[in-house]
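In: Return a 3D structure for these sequence lines:
(one chain, ligands or ions: 2)
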Amino acid sequence: MEMAIIRPFSFKNKFSHLIHSFLFQIIAIFMASLLGLMVVTTFDFISENNLGLFNWISIPWGLKIFFGLLLIDFSDYWFHRLDHKIPILWRFHRVHHSDTSMDASTAIRAFPTEPFYFTLGELLISIIFGLDITSMNIFLLILLPTLFIQHTNIQYPNWVDKTLGWLIVMPSFHKVHHEQDQFYTDSNYGVLFIIWDRLFGTFKTKPVNEIKYGLKEFEGNKKQSFTYLIKSPFINVKRNTNKKT
Ligand SMILES: [Zn+2]
Ligand SMILES: [Zn+2]
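Out: Ligands and ions are numbered 1, 2, ... in the order given. So this is what the prediction gives:
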């Protein structure tokens, strides 16, 4: 859709970029049923055994669903921060950050273990608070299209960032997270809601047209290919922080 709507293309080799990203998606599709099974089994286990805080106290169903949405996103925020802080996790997460160009297909360019990693955190917090699977369903229903939009070259007026941007991770915020300069990479960890970054002091902005995407150590066509990227977590690549600040 982005290719059809947004022209001229923001960078060359758009089709080869899409194909390399899509190969990651094929693996993700195959693993999705396993992931789904993991989610459904856990939520069945929570409700059958009355696990977690919300099953022990009396709370209206609507509020439980609402807090569930926030808590699942809260877990993603912290798991995302850990992805950047712990070297072994960064090796896998950097596949998503390695992209030197940016379009909707960057959203699906992630190492296949990443969805499991984030789901693990979401399920853990669901057990602790006794969440309902409806929270998870609504969360994913909103998140999946949002993830694609966050990576598109969509143009929108500034006032949207200044209003909706108090609550939601806007495309211009997530793109700052993809900046090569680690001062900016270490910011805007939010997945759906930006409130955690604003609350924990990791919210940063930079004009989108000044952002240099990717990682210095992953520059060059060879290192942008699916075959290199799928092997890359097992290759010792020294981080080039490109720190200016
Ligand atoms: Zn990240
Ligand atoms: Zn991203």
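In: So what does the residue nearest the centre of the chain have for phi and psi?
Out: In the chain, the centroid-proximal residue (C-alpha atoms, centre = their mean) is residue 191; its distance is 5.2 Å. The phi/psi pair for residue 191 (degrees, to the nearest 10) reads phi -100, psi -50.
In: what does residue 155 give?
Out: phi -100, psi 130.
In: okay, now it: neighbour count?
Out: Residue 155: 8 surrounding residues under other C-beta atoms under 10 Å. Quick note: C-beta positions are derived from backbone N, CA and C, even for glycine.
In: Kindly state the pLDDT recorded for it?
Out: Residue 155 carries a pLDDT value of 86.
In: contacting residues for residue 172?
Out: Applying C-beta atoms under 8 Å, 6 or more residues apart in numbering to residue 172 gives the contacts 161, 165, 205, 208.
In: From those, pick the one nearest residue 35.
Out: Each of the contacts of residue 172 was checked against residue 35 using C-beta to C-beta; the closest is residue 165, at 30.1 Å.
In: distance of the residue lying closest to the residue nearest to the centre of the chain once chain neighbours are set aside from residue 52?
Out: Sequence neighbours aside, residue 76 is the residue nearest to residue 191 in space, at 4.1 Å (criterion: C-beta to C-beta, 6 or more residues apart in numbering). Plainly put, residue 76 is 18 Å away from residue 52 if you go by C-beta to C-beta, to the nearest Å.
In: between the contacts of residue 172, which is closest to residue 108?
Out: Distance to residue 108 across the contacts of residue 172 (C-beta to C-beta) is lowest for residue 208, with 20.7 Å.
In: so how far is stretch 157-177 off the chain centroid?
Out: Put simply, stretch 157-177 sits 15 Å off its chain's centre (C-alpha atoms, centre = their mean, to the nearest Å).
In: from what I can see residue 149 touches residue 169, true?
Out: No - the pair residue 149 / residue 169 is not scored as a contact, 9.8 Å apart, by C-beta atoms under 8 Å.
In: who's more crowded, those two?
Out: residue 169 (27 against 17).
In: Show which residue of this structure lies farthest from the average position.
Out: residue 58 (33.0 Å).
In: Just to be sure, that residue is in a helix?
Out: No - applying DSSP: H, G, I helix; E, B strand; the rest coil, one finds residue 58 to be coil, outside a helix.
In: Which helix in the chain has the most residues?
Out: Secondary structure of the chain per DSSP state H: the longest helix is helix 14-48.
In: what helices or strands is that one leaning on?
Out: Judged by 3 or more C-beta pairs under 8 Å, 6 or more residues apart in numbering; DSSP states H and E, helix 14-48 is in contact with helix 114-129, helix 133-151, helix 226-231.
In: okay if I get the ones you listed as TSV plus distance to residue 173?
Out: What follows is the helices and strands packed on helix 14-48, written out as TSV (distance: least, C-beta to C-beta, whole Å):
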stretch	distance to residue 173
helix 114-129	19
helix 133-151	8
helix 226-231	25
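In: Which among these is found nearest to residue 22?
Out: That would be helix 226-231 among these, by C-beta to C-beta, at 8.8 Å.
In: show me the contacts for the residue nearest to residue 178 when sequence neighbours are not counted.
Out: Nearest non-adjacent residue to residue 178, counting by C-beta to C-beta, 6+ apart: residue 213, 5.1 Å away. By C-beta under 8 Å, 6+ apart, residue 213 lies in contact with 99, 100, 101, 102, 175, 178, 179, 180.
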